[in-house]
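# Need a 3D model of the sequence below.
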Amino acid sequence: MPASWLRAVFRQWPLLLVLTVIAIGTFIVADNHFRRGTFIIAGGVCLAAVLRAVLPSGIAGLLKVRSRAIDLLTLGFLGAGTLIASLIVPPPS
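Residues are numbered from 1 along each chain as shown. Just a heads-up that it's a prediction; the model follows:
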């Protein structure tokens with residue numbers, strides 16, 4: 001792999017961090033722990049919102065899709081909705 005390609009990938013560390021958290025949550029859901037996994041996925045989306053809010057646009061990388069306000073609203077609603085869904089799902093009987 002060329003070094004420039006590797007640098008370009010690691011420059012996207014905010015997105016890689018968020019995707020790692022979401023992947024961990026997905027594996028936990030696949031391991032038959034729906035509530036825990038969904039809670040972690042919601043945490044990953046909320047982490048994306050926090051990173052988008054605090055990082056400058058040049059460092060946010062691919063977390064920057066639209067304007068900061070639109071990104072924060074979208075990620076905030078998705079994170080909160082997923083969090084609420086993870087909390088109201090009844091436990092298995």
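
# buried sites along stretch 6-21?
Within stretch 6-21, the residues that qualify as buried are P14, L15, V18, V21, counting by 16 or more other Cβ atoms under 10 Å. For the C-beta atoms, the positions are set from N, CA and C on the backbone; glycine is no exception.

# One more: stretch 57-76?
A60, G61, L63, K64, D71, L72, T74, L75, G76.

# I'd assumed C46 was in contact with G25.
No - assessed by Cβ atoms under 8 Å, G25 is found out of contact with C46, at 11.7 Å.

# And the two? Which one has more around it.
G25 (23 against 19; other Cβ atoms under 10 Å).

# Other residues contacting the strand or helix carrying the more buried one?
Element membership of G25, judged by DSSP states H and E, is helix 13-30. For helix 13-30, the external contacting residues (Cβ atoms under 8 Å, 6 or more residues apart in numbering) are 9-10, 36-45, 47-48, 51-52, 55, 59-63.

# go with 7 Å
For helix 13-30, the surrounding residues in contact (Cβ atoms under 7 Å, 6 or more residues apart in numbering) are 36-38, 40-41, 43-44, 47-48, 51, 55, 60-63.

# now that helix: mean pLDDT?
Per-region confidence: helix 13-30 scores 96 on mean pLDDT.

# Touching stretch 49-68 from outside, list them.
When contacts are defined by Cβ under 7 Å, 6+ apart, stretch 49-68 is touched by residues R11, Q12, P14, L15, V18, A48, D71, L72, L75, G76, G79.

# wait, the last one sits on A42?
Yes - with contact defined as Cβ atoms under 7 Å, G79 reaches A42; the gap is 5.5 Å.

# Pick out whichever of the two has more residues nearby.
The residue with more neighbours, out of G79 and A42, is A42; 23 against 20, by other Cβ under 10 Å.

# wait, that one sits on I84?
No - using Cβ under 7 Å, A42 is not in contact with I84; the gap is 8.4 Å.
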